[in-house]
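Visitor: here is a sequence together with a model predicted from it:
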Amino acid sequence: MSEREIAKPQLLELLKVAKSEDAARAAIAMLFPRARKLLDAELLDTGERDGATSGRRIRNADFARLYFLLTPKTVVWSKSQAQELMEGDPQVAFSVFESRINAVPADEKPKLRRLILELLDDKLRNSPDTRHPWLIAFLNNASALISDEDWQTTGLFESSNEDLIRMMLRKVLMASSQTERVELLKGAIDQAADISLLSELMRSISGEVEFGRTSSKPDALGGATQEVRDMLLARIQRLVADGGLLTQIRPANILWYWWACGYGEQVRAYTEHLMATDEGIRLLLKIPVSYVRSTEGNYERVNQAVWEMIVDLRHLEERARIWAETKGEDDARIARRFLDALRRDDDL
């Protein structure tokens, strides 16, 4: 009797204790193609018809290790699958990105976000015909790629995902011609639901207004600089009037762009107005806190010299102390975090 003939009844007996014998046969047939005939599994649908899993065999060095982990990976994403996704609808792609990020364990999320950013960087740089819809989708869905969860372990000289996004957007924009750049920004200002990353980008390439004098960078947008700047400013003022600031990914970017356009007094009056509501206080307690990477350990701080230009920090500190003592646990924790970060700045 051959080894195969001996192995077959033993394997079939083991499969009987599986919760689903057919599913177990299919799984083994998929992982070990030569076992398919041994298990009489030729007619089972193992996903081979569309070729989606053919590259993830145990014999493939890139994937073999996954079959021997004590805790299997919840997501395996082949290069061909990712490339196929990038050729489709951007909204669908971002839905898949978010679902994959949510599916993996916390320690795998940063690496997966980096992978997605690399794919997006390539797509935005090398596909000018579809750059506009992909940019809009990116601006609206960037919250899936921006995360504060791993800042405590980020190395001193490592770039955060937000740093990478900032550099990527600027690089993609500046790789276009000046005319294309202007049209791309105008379209984004008009159509993007979230304009926080766009505000930071525009501030970096269009300059600021200081003491009534405009500091612009004509090589970026040329004669259209002021027109595009005013378009975004008008969009921000509508957003603020409608109460939409709280829905943005990075509200601080929007406030600072507004300030950079020469409206510092308006911005400070607006942040004072925000302190009249719990929602406004909650926002103001969060946005001034920044992450500092240090050789002595990462920490949080509030740069008082900077934020005092647009927020009455003493008034906000008073509110925070009251919240820390009287509010529920979630709001009290937000208040204590702000106070600790404020105290850290005093110690520097």
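Guide: Arrived safely.
Visitor: mind listing the strands for the stretch 51-200 of the chain?
Guide: Using DSSP state E, counting those that start in this stretch, the stretch 51-200 of the chain contains no strands.
Visitor: give the residue spans of the stretch 201-348 of the chain that score low on pLDDT.
Guide: The model of the stretch 201-348 of the chain has pLDDT under 70 over residues 210-219, 347-348.
Visitor: that one: helices as residue ranges?
Guide: Assigned helices in the stretch 201-348 of the chain, in chain order: 218-221, 225-241, 251-260, 264-274, 278-286, 304-307, 313-326, 329-347 (criterion: DSSP state H, counting those that start in this stretch).
Visitor: which other helices and strands contact the second one?
Guide: If you count contacts as 3 or more Cβ pairs under 8 Å, 6 or more residues apart in numbering; DSSP states H and E, helix 225-241 packs onto helix 178-191, helix 196-206, helix 251-260. For glycine as for every other residue, the C-beta is placed from the backbone atoms N, C-alpha and C.
Visitor: turn those into TSV, including distance to L145 and mean neighbour count.
Guide: Converted to TSV, those look like this (distance: least, Cβ to Cβ, whole Å; neighbours: other Cβ atoms under 10 Å):
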stretch	distance to L145	mean neighbour count
helix 178-191	17	17
helix 196-206	10	23
helix 251-260	15	23
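Visitor: I'd like those laid out as TSV, including distance to V306.
Guide: Shown next, in TSV, are the helices and strands packed on helix 225-241 (distance: least, Cβ to Cβ, whole Å):
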stretch	distance to V306
helix 178-191	26
helix 196-206	14
helix 251-260	9
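Visitor: if I read this right, I146 contacts N161, doesn't it?
Guide: Yes - assessed by Cβ atoms under 8 Å, I146 is found in contact with N161 at 6.0 Å.
Visitor: where do the helices sit along the stretch 1-150 of the chain?
Guide: All helices of the stretch 1-150 of the chain, identified by DSSP H, counting those that start in this stretch, fall at 3-15, 21-31, 35-38, 61-64, 79-86, 90-103, 109-126, 131-141.
Visitor: residue contacts, the most centrally placed residue in the chain?
Guide: With distances taken as Cα atoms, centre = their mean, the residue of the chain nearest its centroid is L145 (1.4 Å). Counting by Cβ atoms under 8 Å, 6 or more residues apart in numbering, L145 makes contact with 97, 113, 116-117, 161, 165.
Visitor: one step back: and the helices of the stretch 1-150 of the chain, which one is worst for confidence?
Guide: In terms of average pLDDT, helix 61-64 trails the rest of these, at a mean of 49.
Visitor: quick one: buried residues of stretch 263-279?
Guide: Within stretch 263-279, the residues that qualify as buried are 263, 267-268, 270-272, 274-275, counting by 16 or more other Cβ atoms under 10 Å.
Visitor: returning to what we had before: closest one to R333 among the helices and strands packed on helix 225-241?
Guide: helix 251-260 (19.5 Å; Cβ to Cβ).
Visitor: what separates the closest one from the chain centre, distance-wise?
Guide: Helix 251-260 sits 20 Å away from the centroid of its parent chain (Cα atoms, centre = their mean, to the nearest Å).
Visitor: who does that helix touch, helix- and strand-wise?
Guide: helix 196-206, helix 225-241, helix 264-274.
Visitor: just to revisit the earlier point, top of the contacts of L145 by neighbour count?
Guide: Using other Cβ atoms under 10 Å as the neighbour criterion, I116 leads the contacts of L145 with 24 neighbours.
Visitor: list the residues that contact it.
Guide: Taking Cβ under 8 Å, 6+ apart, one finds 97, 101, 145 in contact with I116.
Visitor: check contacts around the first one.
Guide: What that stands for is F97. By Cβ under 8 Å, 6+ apart, the contact set of F97 is 116, 141, 144-145.
Visitor: how about L316, nearest residue that isn't a chain neighbour?
Guide: Excluding the flanking residues, the one nearest L316 by Cβ to Cβ, 6 or more residues apart in numbering is L284, at 5.6 Å.
Visitor: so the one you found touches T271, yeah?
Guide: Yes - counting by Cβ under 8 Å, T271 is a contact partner of L284 at 6.3 Å.
Visitor: quick check: neighbours shared by the two?
Guide: The contact sets of L284 and T271 overlap at V311 (Cβ under 8 Å, 6+ apart).
Visitor: on that earlier part again, number of residues surrounding the residue nearest to L316?
Guide: 26.
Visitor: also R166?
Guide: A count of neighbours around R166, defined by other Cβ under 10 Å, yields 17.
Visitor: and it, what pLDDT?
Guide: 88.
Visitor: quick one, what contacts the closest residue to it other than its chain neighbours?
Guide: Spatial nearest neighbour of R166, excluding adjacent residues (Cβ to Cβ, 6+ apart): E200 at 6.7 Å. Counting by Cβ under 8 Å, 6+ apart, E200 touches 166, 250, 253, 256-257.
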